[in-house]
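In: Here is the input, now give the coordinates:
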Amino acid sequence: MKKDRNWLDNLDFSQLMDLRVDYAFKLIFGTGKTLFLISLLNAIFASAGIRRVIKSLTILSPNLEKRSEHDKLSILDVRAELDDGSDVLIEMHLYDLLNLKYKTIRSWARAYGEYLKAGEEYRLQKPVICVSFVAEAFDEKDAGRIHKCCKITDIASGEIFTDVLELHYINMKAFIKAINAGTADMADKPMLEKWLAVITEKDIVDKGVIKAICEQEEDINMAVAELELKSMDKYERQAYQRRQEDILLYFMNIDNRDKKIAEQERVIAEERKARAEQAKALAKEQAANAEKDRIIAELLAQRDKN
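Out: Next up, the predicted model:
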């Protein structure tokens, strides 16, 4: 049930965990309380115009099996099986967007290949749906799009070739920019955007927007209440903070790596420039020597003629 208005008035947003940190995301969407994940997924499907309404799901192990001894074990943020048998893989991506398309396709392929058993027909395999929450668009042309859904299509006709592959990319940066710049009543917004307001709460300027959403949507009201409860739990808070530190360290390592790569590229570029200038100077010197040789040859020829 919804909490009363006084609970929302007294809610301290600064104490809430950031749902973009995978540990917090799993606490709310990857546990036995499947109501929140069902609501979020239905909002995502509705946003993409997909006629799929799920009423129940089962949380699965987040591990994707290794396909060979050289393969790496892939651990998802949340994995679930829908009531229609479809498999859903959900991940929060705050970095490494350059490889995101290929990473999600790889995750899809590994999950899709897990279910086929000896003697079964390929056509009986259920779809695998990948949902990626991303810090920003990985394609510049999509910078302003909040939700991008990809499937395999016929290039000539545009018809969907198969439903077994379904990739959803949720651009949180585009949403944050839009909601902070807008003044529209959230009551008229799609359910996905209401969930995104909670997920990206730390960057939402007007917290009243989130309070209004909690009053409008019981599922979200309950999820925020659960998030507040988890955020006040000492054990969960410590685990969450350790994960934040791990992410910060990862970013620092990535930043240092990128700086090293940039410095190496700068040195290589300078060396190439120096070699090019040397080659240019050498070519100029060779041309000058060739001209001298030509003049000397002409003079010698003129002398011999005389």
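In: what ranges do the helices span in this protein?
Out: 5-9, 22-29, 35-47, 100-114, 172-181, 191-199, 208-216, 218-232, 234-305 (DSSP state H).
In: Mean neighbour count, distance to Glu121 and mean pLDDT for these - can I get that in TSV?
Out: Quick note: C-beta positions are derived from backbone N, CA and C, even for glycine. Compiled in TSV, the helices of the chain are given as follows (neighbours: other Cβ atoms under 10 Å; distance: least, Cβ to Cβ, whole Å; pLDDT from 0 to 100):
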stretch	mean neighbour count	distance to Glu121	mean pLDDT
helix 5-9	12	52	73
helix 22-29	22	33	91
helix 35-47	20	26	95
helix 100-114	16	14	85
helix 172-181	17	39	92
helix 191-199	23	35	95
helix 208-216	18	45	90
helix 218-232	18	38	93
helix 234-305	11	42	77
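In: is it possible to export those to TSV including distance to Asp87?
Out: Converted to TSV, the helices of the chain look like this (distance: least, Cβ to Cβ, whole Å):
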stretch	distance to Asp87
helix 5-9	36
helix 22-29	16
helix 35-47	12
helix 100-114	5
helix 172-181	24
helix 191-199	21
helix 208-216	29
helix 218-232	23
helix 234-305	25
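In: Quick one, which of those gets closest to Asp154.
Out: Nearest to Asp154 among the helices of the chain is helix 100-114; the distance by Cβ to Cβ comes to 18.8 Å.
In: about what we covered before: nearest to Glu140, of the helices of the chain?
Out: Smallest distance to Glu140 across the helices of the chain (Cβ to Cβ): 12.1 Å, for helix 172-181.
In: Output the contacting helices and strands for the closest one.
Out: Other helices and strands packing on helix 172-181, by 3 or more Cβ pairs under 8 Å, 6 or more residues apart in numbering; DSSP states H and E, are helix 191-199.
In: ok, residues contacting the helix it packs on?
Out: 19-20, 25, 39-40, 42-44, 46-47, 133, 146-147, 170, 172, 175, 179, 186, 204, 209-210, 213, 216-217, 220, 223-224, 227 (Cβ atoms under 8 Å, 6 or more residues apart in numbering).
In: and what of stretch 209-216?
Out: In this structure, residues lying in contact with stretch 209-216 by Cβ under 8 Å, 6+ apart are 2, 5, 8-9, 11, 13, 179, 186-187, 194, 197-198, 201, 204, 220-221, 224.
In: Need the CA coordinates for it. CSV is fine.
Out: The C-alpha coordinates for stretch 209-216 follow below in CSV (Å, rounded to 0.1, in the frame of the first residue of the first chain):
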residue,chain,number,x,y,z
VAL,A,209,8.6,15.6,-9.3
ILE,A,210,9.5,12.3,-7.7
LYS,A,211,7.1,12.9,-4.8
ALA,A,212,4.3,13.6,-7.2
ILE,A,213,5.1,10.3,-9.1
CYS,A,214,5.0,8.4,-5.8
GLU,A,215,1.5,9.8,-5.2
GLN,A,216,0.4,8.8,-8.6
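In: Pull the distance from that stretch to the chain's centre.
Out: 26 Å (Cα atoms, centre = their mean, to the nearest Å).
In: do stretch 128-140 as well
Out: With Cα atoms, centre = their mean, you get 4 Å for stretch 128-140.
In: how about that stretch: buried residues?
Out: 128-135, 137-138 (16 or more other Cβ atoms under 10 Å).
In: and that stretch, how far apart are its ends?
Out: 27 Å (Cα to Cα, to the nearest Å).
In: likewise stretch 81-91?
Out: Termini of stretch 81-91 sit 15 Å apart (Cα to Cα).
In: repeat for stretch 95-104
Out: Length of stretch 95-104, first residue to last, Cα to Cα: 13 Å.
In: Report the separation between Glu159 and Lys151.
Out: Counting by Cβ to Cβ, to the nearest Å, the separation of Glu159 from Lys151 is 10 Å.
In: quick one: which of the two has more around it?
Out: Neighbours were counted for Glu159 and for Lys151 using other Cβ atoms under 10 Å; Lys151 has more, 15 against 8.
In: Now do the same contact list for the more buried one.
Out: 160-163, 165-167 are the contacts of Lys151 under Cβ under 8 Å, 6+ apart.
In: so what pLDDT did it get?
Out: pLDDT recorded at Lys151 is 92.
In: so which of the helices of the chain comes closest to Ile54?
Out: Of the helices of the chain, nearest to Ile54 by Cβ to Cβ is helix 35-47, at 5.7 Å.
In: quick one, that closest one and helix 22-29 angle?
Out: 90 degrees (axes from the mean of the first three to the mean of the last three Cα atoms, to 10 degrees).
In: Looking at the helices of the chain, which is nearest to Leu60?
Out: Going by Cβ to Cβ, the one of the helices of the chain nearest Leu60 is helix 100-114, 9.8 Å.
In: Report all helices and strands that the closest one contacts.
Out: Judged by 3+ Cβ pairs under 8 Å, 6+ apart, the packing partners of helix 100-114 are strand 63-64, strand 74-75, strand 87-93, strand 128-134, strand 160-171.
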